[in-house]
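Engineer: heads up, no residue letters with this:
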Ligand code: NAI
């Protein structure tokens, strides 16, 4: 399907300006789009603005953009969902909580006036179908899954539910491509493509370490030197966060009931102990 110029999306809304949402705002504004970011509270709005400004200053220092101010002019941070009324695409990037997301999609359905607006979710594990049926327009609901850090990683997973219209999917593809991203198509299944492959790989490395098969350093060195991975699986788990790794494993296990997705006891104990990886200062390594 070819996307005509009048089907192109340029008025963007983002809900949730945390780690991912602020990255999505940044890449959209850097691509010349007009962006409204809705954050829930004054403090989190301030934090989102600060994160965005810091990232844009870094990009300007590296010569990737002319000036941070130029890009920031296109971003409006608000706390009222009503500001999304005229948006052509709204990307939801709030906490990974199904009840919260379903409630938000209901509200977005009531607020967004454009009859063809796209309702996208950046969820990593919640079925797109559940978000779609929370609205009166399930054909316009789609998963658009970015990777962290959003300004750096080029992949976007596009996830239509059984009810997503071909037009919504193609307009989302065209939008993501316009942000400089490379979309791949995934089914609406837990983990999509990347996490469904990556998480069991990390869990296997944890099981290997747990059984005393090899040290953490040697497991990681093995994959870096022997398989040309940029970092080993245990260092990567520390970077993702062991709590997040466990949460994604649980959603994969819940969906497929396959032992390869089950969080090993060591991972569960480390999370219970607050050893979450880089963010807590200790995981498989000490930081
Ligand atoms: P985060 O916790 O950094 O940010 C969530 C933000 O949403 C917070 O700033 C919070 O104030 C705001 N928020 C919560 N409820 C809201 C509401 N009702 N209205 C407006 N703002 C609200 O979370 P993060 O890591 O950015 O994740 C967001 C989404 O992206 C989740 O669905 C997550 O699964 C997904 N994701 C996360 C990745 C990661 O590496 N962290 C990678 C890919 C997807």
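Structural biologist: In hand now; what should we look at? What you see is a predicted model, and the numbers here were worked out from it, not measured in a lab. Numbering: from 1, shown residues only.
Engineer: How about the residue in the chain positioned nearest to the ligand, nearest residue that isn't a chain neighbour?
Structural biologist: Per C-beta to the nearest ligand atom, residue 18 is where the chain lies closest to the ligand, at 1.7 Å. Bear in mind the C-beta positions are built from the backbone N, C-alpha and C, glycine included. Distance criterion C-beta to C-beta, 6 or more residues apart in numbering; nearest residue to residue 18, sequence neighbours excluded, is residue 93 at 6.8 Å.
Engineer: now residue 1
Structural biologist: The nearest residue in space to residue 1 (C-beta to C-beta, 6+ apart) is residue 170, at 4.4 Å.
Engineer: neighbours around that neighbour, how many?
Structural biologist: Neighbourhood size, residue 170 [other C-beta atoms under 10 Å]: 15.
Engineer: Can you mark which positions in the strand or helix carrying it are buried?
Structural biologist: Here residue 170 sits within helix 166-178, counting by DSSP states H and E. The neighbour-count check on helix 166-178 (16 or more other C-beta atoms under 10 Å) flags 168-169, 171-176, 178 as buried.
Engineer: quick one, what contacts the nearest residue to residue 118 once chain neighbours are set aside?
Structural biologist: Excluding the flanking residues, the one nearest residue 118 by C-beta to C-beta, 6+ apart is residue 89, at 4.3 Å. Listed by C-beta atoms under 8 Å, 6 or more residues apart in numbering, the contact set of residue 89 reads 9, 11-13, 117-118, 120, 171-172, 175.
Engineer: Just these: which are in helices?
Structural biologist: 171-172, 175 (DSSP state H).
Engineer: Identify, from those, the entry nearest to residue 68.
Structural biologist: Using C-beta to C-beta, residue 175 comes nearest to residue 68 of the ones in helices among the contacts of residue 89, at 23.2 Å.
Engineer: which residue sits closest to the closest one in space, ignoring its chain neighbours?
Structural biologist: Excluding the flanking residues, the one nearest residue 175 by C-beta to C-beta, 6+ apart is residue 9, at 4.5 Å.
Engineer: and the gap between the one you found and residue 177?
Structural biologist: Per C-beta to C-beta, to the nearest Å, residue 9 is found 11 Å from residue 177.
Engineer: All the strands of the stretch 1-150 of the chain, residue numbers only.
Structural biologist: Using DSSP state E, counting those that start in this stretch, the strands of the stretch 1-150 of the chain run over 11-15, 34-38, 75-78, 89-92, 118-121, 141-146.
Engineer: per-residue confidence for the residue nearest to residue 1?
Structural biologist: Note on residue 170: pLDDT of 97.
Engineer: got it, and the one 4 residues further on?
Structural biologist: The predicted structure scores residue 174 at 97 on the pLDDT scale.
Engineer: Just to check, it is in contact with residue 4?
Structural biologist: No: counting by C-beta atoms under 8 Å, residue 174 sits too far from residue 4 to count as a contact (9.9 Å).
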